[in-house]
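**Student:** Sequence first, then the predicted structure, then my questions.
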Amino acid sequence: QKEVEQNSGPLSVPEGAIASLNCTYSDRGSQSFFWYRQYSGKSPELIMFIYSNGDKEDGRFTAQLNKASQYVSLLIRDSQPSDSATYLCAVNWGGGTSYGKLTFGQGTILTVHP
Amino acid sequence: GAGVSQSPSNKVTEKGKDVELRCDPISGHTALYWYRQSLGQGLEFLIYFQGNSAPDKSGLPSDRFSAERTGGSVSTLTIQRTQQEDSAVYLCASSPLAGGEAGELFFGEGSRLTVL
């Protein structure tokens, strides 16, 4: 059973701080990794994806991938109250009939307080 | 339309009834996915379509669940003889790619199903 694990939180950070969200996955063959944001009562929206080891930056967001440790993280710099949401980590195992299918973690609830 | 469209947005039904949920993906998107999300839970994969075929149905919970896609576009998820544990938000997503960037999913707003 391929699994994706996240700390459900809630994670609470003050406005302007760095929020660090973590995710581990069980299958070393995993190919691509995604972070989705889901506001309460809304559907998930993609904010970042990463395929290669290392860091990938997009504005205030940085995704970090370490395949040897089977670990992916999302850093949000200068956190804003509007960043308060559930962050879902998703993994694409790739290959065969499962190509394109994502397995999601349970999500981490982030609250940014003024 | 600009995004993935799902209907109905809300459905309340009695245990034992059949329900149909519809998804209209973004035009040109070849891949279509159904997930469901129970209260406070993550997303549970149900089925994946590439064109009209479903190479992966592994997430369908039981034979009461079925799905089809016609014309490479609209998909219908059918739940027969609904049970209370079927209550959840059913999310449809589409993707333009089945290649390396697979996983960049565009979700609809979901169909909230409540089985009494």
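**Tutor:** On my side now, so go ahead.

**Student:** what packs against the stretch of helix or strand residue B:67 belongs to?
**Tutor:** Following DSSP states H and E, one finds residue B:67 within strand B:65-69. Under the contact criterion of 3 or more C-beta pairs under 8 Å, 6 or more residues apart in numbering or on different chains; DSSP states H and E, strand B:65-69 touches strand B:43-50, strand B:75-79. For every residue, glycine as well, the C-beta is placed using N, CA and C.

**Student:** same thing but 6 Å
**Tutor:** Secondary-structure packing of strand B:65-69 (3 or more C-beta pairs under 6 Å, 6 or more residues apart in numbering or on different chains; DSSP states H and E): strand B:75-79.

**Student:** residues of the strand it packs on that come out buried?
**Tutor:** Residues B:75, B:77, B:79 are the ones in strand B:75-79 that count as buried (16 or more other C-beta atoms under 10 Å in any protein chain shown).

**Student:** of the residues you listed, closest to residue A:106?
**Tutor:** Residue A:106 lies nearest to residue B:77 out of the buried residues of strand B:75-79, by C-beta to C-beta, at 22.7 Å.

**Student:** ok, the closest one to residue B:25 distance?
**Tutor:** 13 Å (C-beta to C-beta, to the nearest Å).

**Student:** show me where chain B has strands.
**Tutor:** Ranges of strands in chain B, per DSSP state E, are B:5-7, B:10-13, B:19-24, B:31-37, B:43-50, B:53-56, B:65-69, B:75-79, B:88-95, B:106-107, B:111-115.

**Student:** quick one, which of those strands is nearest to residue A:25?
**Tutor:** Among those, strand B:43-50 comes nearest to residue A:25, with 14.7 Å by C-beta to C-beta.

**Student:** can you list contacts of the closest one?
**Tutor:** Strand B:43-50 has contacts (C-beta atoms under 6 Å, 6 or more residues apart in numbering or on different chains) with A:101, A:104, B:31-37, B:54, B:56-57, B:59-60, B:67, B:69, B:98.

**Student:** can you give me the angle it makes with strand B:88-95?
**Tutor:** Angle between the axes of strand B:43-50 and strand B:88-95 is 40 degrees (criterion: axes from the mean of the first three to the mean of the last three C-alpha atoms, to 10 degrees).

**Student:** near chain B, which residues of chain A show up?
**Tutor:** With C-beta under 6 Å from any C-beta of the partner chain as the criterion, chain A meets chain B at residues A:32, A:34, A:43-44, A:46, A:92, A:97-98, A:100-102, A:104-107.

**Student:** Can you say which of these are buried?
**Tutor:** The neighbour count (16+ other C-beta under 10 Å) marks A:32, A:34, A:43-44, A:46, A:92, A:98, A:100-102, A:104-107 as buried among the residues of chain A next to chain B.

**Student:** So which of the residues you listed are in strands?
**Tutor:** Using DSSP E, these in strands are A:32, A:34, A:46, A:92, A:102, A:104.

**Student:** If we ignore the residues flanking it in sequence, what's nearest the first one?
**Tutor:** In this case it means residue A:32. In space, and not counting its chain neighbours, residue A:32 is closest to residue A:92: 4.4 Å by C-beta to C-beta, 6 or more residues apart in numbering or on different chains.
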